[in-house]
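> Here is a sequence with its predicted model. Questions after.
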Amino acid sequence: MKKLIMNKRFRVPILIFLAGLILMLSANAVFPKKTESEQAKTVHGDVKNESTVYDRGENLTQDIKNLIESINGVKSAAVVITFDNSGEIRTEKDVNTNKKSTEESDGAGGNREVIEHTEEEETIYRQNSDGSKEPFVISEKYAEIRGVAIVVKGAYDEAVREKIIRMLEVLLNISAHKIQVIW
């Protein structure tokens, strides 16, 4: 082994290998891996709780079902809502910006300016009364509704069907062609 290290032909590859190994080990210390829960919450730099988005869809479906079933002549209703996306939750970030400028001169009289610009973002969390932490949300954009399908049981009535469609247009801010009511 000592002979191998002393051989000039193998010195550079061994040094490169050792440097790479040191970089890999130091990278794990500097940039620790995220836990599974942190990975599930982070999407494009924003913290997003997928179960909350799902719960909103479920709650909206149940609310619409209850409204339709409260209409005179409707015995029961089944409601399905489809979404184009899952919405967006933006969180407050603490941003640290550093700018460093350095002028360098070489022996031949050449000058150059080197500008380093770094920006670090860190999500701001708030402490709940139970001791858990959650990100400080500054804005929420709900998921966009693609369409609504409703199956109604009861005596067919065109006036009731039109009322359901108009109600959903107003409540969900979607056009009538995205709403299908079937008796």
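That came through fine.

> Report the residue ranges of every domain in this structure.
Here the domain parsing of the chain from automatic domain parsing is 1-32, 33-182.

> Please identify the most buried of those domains.
When you average the neighbours per residue for each of the domains of the chain (mean count of other C-beta atoms under 10 Å), domain 33-182 leads with a mean of 13. Placement of C-beta: from N, CA and C, glycine included.

> Now stretch 22-42: average pLDDT?
Stretch 22-42 shows a mean pLDDT of 59.

> Could you check the pLDDT of Lys2?
60.

> contacting residues for the closest residue in space to Asn98 that isn't next to it in sequence?
Spatial nearest neighbour of Asn98, chain neighbours left out: Thr118 (4.7 Å); criterion: C-beta to C-beta, 6 or more residues apart in numbering. By C-beta atoms under 8 Å, 6 or more residues apart in numbering, the contact set of Thr118 is 97-99.

> per-stretch mean pLDDT over the domains of the chain, give me the minimum one.
domain 1-32 (a mean of 69).

> how about the helices of the chain, start to end?
2-6, 8-30, 36-41, 50-69, 158-172 (DSSP state H).

> and the last one, what other elements does it pack with?
Contact here means 3 or more C-beta pairs under 8 Å, 6 or more residues apart in numbering; DSSP states H and E; on that basis helix 158-172 packs against helix 50-69, strand 145-154, strand 179-182.

> just the contacts of Thr118 now: which is nearest Val148?
Closest to Val148 out of the contacts of Thr118 is Thr97 (45.3 Å), distances taken as C-beta to C-beta.

> which one is the closest one nearest to, not counting chain neighbours?
Glu119 (5.0 Å).

> Distance of the one you found relative to Asn59?
Look at Glu119 and Asn59: by C-beta to C-beta, to the nearest Å, they are 38 Å apart.

> before we move on, what about Gly20?
In terms of C-beta to C-beta, Gly20 sits 52 Å off from Asn59.

> now swap in Val79 and tell me
Where Asn59 is concerned, Val79 sits at a distance of 12 Å (C-beta to C-beta).

> these two touch, right, Lys178 and Ala149?
No - applying C-beta atoms under 8 Å as the test, Lys178 and Ala149 come out as separate, 9.8 Å apart.

> Would you mind listing the residues in contact with the residue lying closest to Gly154 once chain neighbours are set aside?
Spatially, and ignoring its direct neighbours in sequence, Gly154 is nearest to Lys75 (4.1 Å; C-beta to C-beta, 6+ apart). By C-beta under 8 Å, 6+ apart, Lys75 lies in contact with 69, 153-154.

> Repeat the analysis, applying 10 Å as the threshold.
69, 152-155 (C-beta atoms under 10 Å, 6 or more residues apart in numbering).

> Disregarding residues adjacent in the polypeptide, which is nearest to Ile174?
In space, and not counting its chain neighbours, Ile174 is closest to Ile145: 5.4 Å by C-beta to C-beta, 6+ apart.
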